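Trainee: Show me how the following folds:
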Amino acid sequence: MSHHHGHHHTHDHPDLKGRNLVISILLNIVITVAQVIGGILSGSLALLSDALHNFSDVISLIISYVANKLTKKKASFQKTFGYKRAEILAAFINAATLIIVAILLIIEAIKRFHKPEIIESNLVIWLSLIAIIGNGFSVLLLKKDSKSNMNMKSAYIHLLTDMMASVAVLVGGLLMKYYQLFWVDSVLTFAIAIYLIWMGFDLLINSTKVLMLFTPSSVPIEKIVAEINAFNSIKNVHHVHVWQLNEDEVHLEAHIDFSENITLSEFDAILHDIEDLVFKKYDINHVNIQPEYSKDDAKDVIVQD
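Mentor: Predicted structure coming up:
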């Protein structure tokens, strides 16, 4: 049996992700330390919850930074794909931690709601303003890369939600200062937690699908099989696998049963047409085809290995 492996490469762009992540990490370390101290001194659970979220930001940004560096390492005999999935794994970890932190915040918010405490609102207001400025700058740094990279999106979501949480804390601080509504601290903490779950869940599901080798939702396997079956001399397309390796690579693997005993050069010409078809219509840029002629094997489109 022979295999042919073809692929289309995407263009590389100047990589500023590493630098932007380092700046964001340093900013969030400063914000976290300030909020922990301020939260303890003021007695604000919302401020401490924001600090906890900021700390998770630091961890997630470090994970994203390490993953970004790992993807640049070359493949080897032991790691034939290199570390191309490092960023997907980072996105999964970051999304999972976002949800775990949110659940912990909900538990604490419920406890505090029943026993509201007097809070030093001035400290809450000033520290939330600092956090908004720092996280806002980090969000701007990562916004562009977040549109095309799941790892960067996970870091971006952490920072964006933290900026929004800081806005909520600021509003709470103002309400406590001018209206003595100290119970609002717990309500805002609860709202922040629900927002974290809402933002993290979609990313968790998407990264899980990639790690589990699920077929991308944008790839209609049955339609692709029908289009390839329409090629001259192709009798049957079967044993199909489609999976996403990382942000840039979608792989198609299939067995093709030919109606004639064609030459290798004829197969190469047909394969080139198949590669062009799936790349232009479905963004599949790695194709691995096993050609067959009168082979006695399962002809189902999906065959359990």
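Trainee: rest of the way, CA atoms for contacts and neighbours
Mentor: Noted.
Trainee: In this protein, where's the longest strand?
Mentor: strand 234-244 (DSSP state E).
Trainee: what's downstream of that one, the next helix or strand?
Mentor: Of the helices and strands lying after strand 234-244 in sequence (DSSP states H and E), the nearest is strand 250-258.
Trainee: what are the pairing partners of the longest strand of the chain, and which direction each?
Mentor: strand 250-258 (antiparallel) (DSSP bridges).
Trainee: name the helices or strands packed onto the following helix or strand past the strand it pairs with?
Mentor: Downstream of strand 250-258, the first helix or strand assigned by DSSP H and E is helix 264-282. Packing partners of helix 264-282 (3 or more C-alpha pairs under 8 Å, 6 or more residues apart in numbering; DSSP states H and E): strand 286-292.
Trainee: can you list contacts of the longest strand of the chain?
Mentor: For strand 234-244, contacts defined as C-alpha atoms under 8 Å, 6 or more residues apart in numbering pick out 210, 213-216, 221, 225, 228-229, 250-259, 298-303.
Trainee: same check, this time on stretch 59-66
Mentor: By C-alpha under 8 Å, 6+ apart, stretch 59-66 touches 18, 21-22, 24-25, 87, 90-91, 93-94, 151-152, 154-155, 158.
Trainee: Repeat that for stretch 137-152.
Mentor: Here stretch 137-152 has contacts from 17, 20-21, 23-24, 27, 64, 87-88, 90-91, 153-156, 159-160, 203, 207, 247, using C-alpha under 8 Å, 6+ apart.
Trainee: What's the local residue count around the residue lying closest to Ala254 once chain neighbours are set aside?
Mentor: Using C-alpha to C-alpha, 6 or more residues apart in numbering and skipping the chain neighbours, the partner closest in space to Ala254 is Val240 (4.3 Å). Close neighbours of Val240, defined as other C-alpha atoms under 10 Å, add up to 19.
Trainee: separation between Val240 and Ile256?
Mentor: 9 Å (C-alpha to C-alpha, to the nearest Å).
Trainee: And Gly38, by the same measure?
Mentor: To Ile256, Gly38 is 65 Å away according to C-alpha to C-alpha.
Trainee: cool, Ser265 as well?
Mentor: For Ser265, the distance to Ile256 equals 16 Å [C-alpha to C-alpha].
Trainee: out of those two, which sits in the busier spot?
Mentor: Remark: of Ser265 and Ile256, Ile256 carries more neighbours, 22 against 9, as counted by other C-alpha under 10 Å.
Trainee: Now do the same contact list for the more buried one.
Mentor: Counted by C-alpha under 8 Å, 6+ apart, Ile256 has contacts Ile234, Lys235, Asn236, Val237, His238, Ile289, Gln290, Pro291, Glu292.
Trainee: With Arg112 instead?
Mentor: By C-alpha under 8 Å, 6+ apart, the residues touching Arg112 are Leu45, Ser186.
Trainee: same deal with Asp185?
Mentor: Taking C-alpha under 8 Å, 6+ apart, one finds Ser44, Leu45, Ala46, Val169, Gly172, Gly173 in contact with Asp185.
Trainee: The helix or strand harbouring it versus strand 234-244: what angle between them?
Mentor: Assigned by DSSP H and E, Asp185 falls within helix 184-211. Per axes from the mean of the first three to the mean of the last three C-alpha atoms, to 10 degrees, the angle that helix 184-211 makes with strand 234-244 is 150 degrees.
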